[in-house]
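> Sequence first, then the predicted structure, then my questions.
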Amino acid sequence: MKTAVRRLRGGNRLRLRRFAPGDLVAVRSLWKAGGLDLGPSDTRREIVRSLARDPDLFIVAVEEGRVIGAVLGRFDGRRGWVNRLAVDPRARSRGVGSTLMREVERRLRAKGCRKVNLHVARDNRAVCAFYAELGYRRADLIFMEKWL
Ligand SMILES: CC(C)(COP(=O)(O)OP(=O)(O)OC[C@H]1O[C@@H](n2cnc3c(N)ncnc32)[C@H](O)[C@@H]1OP(=O)(O)O)[C@@H](O)C(=O)NCCC(=O)NCCS
């Protein structure tokens with residue numbers, strides 16, 4: 001299992017490793033606490049199924065044995081995608097979110113990915129400041145979707 005260790009502001013060690021099915025409960029509660037809607041793609045069955053592709057891009061951040069952050073990356077062969085970034089509210093503002101983003105970008109780059117996309121819900125637009133700090137720019141696009 002690929003694991004990276006990073007130092008947080010304040011010196012604590014943060015382990016970044018790929019998601020394992022045993023992390024599901026912790027990760028779902030991070031998503032809920034972060035205000036991210038849980039949908040039909042977030043059942044245990046769907047998440048485990050999605051791990052068949054790029055399992056190393058679904059990264060959890062672990063501090064002192066506790067999962068405190070997660071990000072779900074994807075590479076479709078052309079673009080990288082960042083989904084579902086969330087950090088435990090008690091662990092925010094210590095660099096965990098940006099450390100997860102840099103790690104998923106590093107792993108995407110290693111796969112040959114040159115551009116990363118992500119979506120921000122309209123009611124969460126304040127978070128754009130966080131992404132802008134990491135170099136993301138807003139694109140004027142209309143997002144459309146369809147469930148199959
Ligand atoms: C966004 C998130 C992952 C950042 O995690 P984090 O560990 O606090 O990130 P970092 O410590 O690396 O960076 C924090 C900095 O990002 C910026 N930032 C983060 N969230 C922000 C927001 N909602 N509005 C404005 N600035 C924000 C601030 O500059 C903040 O620094 P400060 O706390 O000193 O003001 C975390 O706030 C979170 O889980 N939010 C809820 C879920 C979410 O919105 N996910 C993104 C979906 S697109």
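Okay, I see it.

> and the spatially most central residue of the chain, what does it touch?
Nearest residue to the geometric centre of the chain (C-alpha atoms, centre = their mean): Val71, 1.4 Å. When contacts are counted by C-beta atoms under 8 Å, 6 or more residues apart in numbering, Val71 touches Phe58, Ile59, Val82, Asn83, Arg84, Leu85, Ala86, Leu100, Met101, Glu103, Val104. For every residue, glycine as well, the C-beta is placed using N, CA and C.

> now those as CSV including secondary structure and pLDDT?
Output for the contacts of Val71, formatted as CSV (DSSP: H, G, I helix; E, B strand; the rest coil; pLDDT from 0 to 100):
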residue, secondary structure, pLDDT
Phe58, strand, 97
Ile59, strand, 98
Val82, strand, 98
Asn83, strand, 95
Arg84, strand, 96
Leu85, strand, 98
Ala86, strand, 98
Leu100, helix, 98
Met101, helix, 98
Glu103, helix, 98
Val104, helix, 98
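
> so when I look at Val67, I'm seeing a helix, right?
No: using DSSP: H, G, I helix; E, B strand; the rest coil, the assignment for Val67 is strand, not a helix.

> And for the closest residue to it other than its chain neighbours, the neighbour number?
Take Val67 and drop its neighbours on the chain: the residue closest to it by C-beta to C-beta, 6 or more residues apart in numbering is Ala26, 4.1 Å away. Neighbourhood size, Ala26 [other C-beta atoms under 10 Å]: 16.

> what does the one 4 residues further on give?
Around Leu30 sit 24 other residues, with neighbours defined as other C-beta under 10 Å.

> cool, and Gly39?
The number of residues packed near Gly39 is 9, by other C-beta under 10 Å.

> ditto for Ile59
25.

> right, and it touches Ala70 too?
Yes: applying C-beta atoms under 8 Å as the test, Ile59 and Ala70 come out as touching, 6.8 Å apart.
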